[in-house]
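Peer 1: The following comprises the amino acid sequence and a computationally predicted model.
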Amino acid sequence: MRIRNGDAVALGPGKVDLLEAVREYGSISAAARSLGMSYRRAWLLIDELNRSLKSPATLSEQGGQSGGGCTLTPVGETIIHLYRDVEEEARRTCAKQIAELIKLLRV
C-alpha cells in the first residue's frame, strides 16, 4: 500500500521498513545499512516522510562525541502500527485475490 501526497509517495512499504529499522538501530545510517541502502537515500526518505506529516515521525540528533542518532516519535510508532494493521487486514480480507495474483507470477 502506498499513500500519496500530491506526486510524492508520503508513505509506503519502504518508508515503514525504514522506520522499523531506525527504531531497532537508533540511527539512520545503521538503519540504511541493515536495509542495503545508502545513507543519502535513507535520509531523503525520512525527510520526505517528515515533510509530509503534520508532526515528524523521527527526531534526529547531530553527530559529535555521543555520535548522534535518530529515534521515532509517537507519530512514527503509530505509523508503523497502523500500516502493519492495514497489511494484515488486506492479507485476511483479500487472501483469495492475492492467491490468484501469485498464480500469475513466474516462479
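Peer 2: In hand now; what should we look at?
Peer 1: Show me how far the one helix or strand E20 maps to is from its chain's centre.
Peer 2: Of the helices and strands defined by DSSP states H and E, E20 is found in helix 13-25. Remark: helix 13-25 is offset 5 Å from the chain centroid, using CA atoms, centre = their mean, to the nearest Å.
Peer 1: count of neighbours near R23?
Peer 2: 16 (other CB atoms under 10 Å). To be clear about C-beta, it is placed using only N, CA and C from the backbone, and glycine gets the same treatment.
Peer 1: Apart from its neighbours in sequence, what residue is nearest it?
Peer 2: Excluding the flanking residues, the one nearest R23 by CB to CB, 6 or more residues apart in numbering is L72, at 5.1 Å.
Peer 1: Need phi/psi at the one you found.
Peer 2: Main-chain dihedrals, L72, degrees, to the nearest 10: phi -80, psi 150.
Peer 1: residue ranges of the strands in the protein, please?
Peer 2: For the chain, strands defined by DSSP state E occupy the ranges 3-5, 8-11, 58-61, 69-72.
Peer 1: Residues contacting the second one, please?
Peer 2: Put plainly, it is strand 8-11. Contacting residues not belonging to strand 8-11 are listed as 2-4, 15, 48-49, 52-53, 79, 83 [CB atoms under 8 Å, 6 or more residues apart in numbering].
Peer 1: re earlier: which strands and helices sit next to the helix holding E20?
Peer 2: Under the contact criterion of 3 or more CB pairs under 8 Å, 6 or more residues apart in numbering; DSSP states H and E, helix 13-25 touches helix 28-35, helix 39-52, strand 69-72, helix 74-93.
Peer 1: Now do the same for G64: its pLDDT.
Peer 2: pLDDT for G64: 59.
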